[in-house]
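Visitor: have a look at this prediction, sequence included:
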Amino acid sequence: MGSQHIKSNMVRVLILGLVLFVIVSIFGMSCQASPATTPTPLPAPAPSPTPSPPSAPAPEAAEEGRALFISKACTSCHTVQGMPEAQGKVGPELTHQASNSLIAGVLPNTDDNLKKWLKDPAAVKPETIMPNQNLTDREIDALIAFLQTLK
Ligand code: HEC
């Protein structure tokens, strides 16, 4: 009876050891396996393409127009006070162009008429010496945005 008791105790210890071993090894495996099963970080989201800028807001158009006013040599004929590049004396001073009531003395000073004027001055006033500079619509819009700032 006594030796059997010892024997079953040993079996218990063995089983317990085995169970512990299995638990430990599973635990160890799961520990080792964990790095592999860690979900790989999601790839950084592709940078969203920068949306194309909306049609140039007025301040930028005016800025562009100002540059055109210089590059298209409008400055060689027109004076704009406060603009060192614009000291021309051939045409009228444009310092307060936006407040003028007439364009070239013949057309009411509206955006549409300014457009006509800049597109082809001689079509508005045949005797004018202001040249047709073959400006594009975009250039004309920018120039007008600039001229509108001359109040
Ligand atoms: C060769 C000289 C010359 C150049 C270059 C020139 N202009 Fe003129 N511009 C004139 C003259 C002269 C007038 C007056 C119109 C008239 O009565 O014949 C005028 C008139 C104007 C007017 C109307 C102003 C008013 O009070 O009647 C505007 C606006 C104007 N020009 C803008 C421009 C712009 C913008 C440019 C450049 C793209 C330009 N001009 C280039 C000579 C010039």
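Guide: Structure's in. What do you need?

Visitor: got the CA coordinates for stretch 118-128 in PDB?
Guide: Output of stretch 118-128 as PDB, limited to C-alpha atoms (Å, rounded to 0.1, in the frame of the first residue of the first chain):
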ATOM      1  CA  LEU A 118      -6.400  96.300 -73.100                       C
ATOM      2  CA  LYS A 119      -7.200  93.700 -75.800                       C
ATOM      3  CA  ASP A 120      -7.100  96.300 -78.600                       C
ATOM      4  CA  PRO A 121      -6.800 100.000 -77.700                       C
ATOM      5  CA  ALA A 122      -7.100 101.100 -81.300                       C
ATOM      6  CA  ALA A 123     -10.400  99.300 -81.700                       C
ATOM      7  CA  VAL A 124     -11.800 101.600 -78.900                       C
ATOM      8  CA  LYS A 125     -10.000 104.700 -80.000                       C
ATOM      9  CA  PRO A 126      -8.400 104.500 -83.400                       C
ATOM     10  CA  GLU A 127      -6.100 107.500 -82.900                       C
ATOM     11  CA  THR A 128      -4.500 106.200 -79.700                       C
END
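
Visitor: buried stuff in it?
Guide: L118, K119, P121, V124, T128 (16 or more other C-beta atoms under 10 Å). (Glycine included, C-beta is placed from N, CA and C.)

Visitor: using TSV, lay out those together with secondary structure.
Guide: Shown next, in TSV, are the buried residues of stretch 118-128 (DSSP: H, G, I helix; E, B strand; the rest coil):
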residue	secondary structure
L118	helix
K119	helix
P121	helix
V124	helix
T128	coil
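
Visitor: will you turn those residues into TSV that also has distance to R12?
Guide: Shown next, in TSV, are the buried residues of stretch 118-128 (distance: C-beta to C-beta, whole Å):
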residue	distance to R12
L118	104
K119	105
P121	111
V124	113
T128	116
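
Visitor: just the residues you listed now: which is nearest K72?
Guide: L118 (9.6 Å; C-beta to C-beta).

Visitor: give the contact list for the nearest residue to the closest one once chain neighbours are set aside.
Guide: Nearest residue to L118 in three dimensions, chain neighbours excluded: I140, at 4.8 Å (C-beta to C-beta, 6 or more residues apart in numbering). Residues near I140 by C-beta atoms under 8 Å, 6 or more residues apart in numbering: K115, L118, K119.
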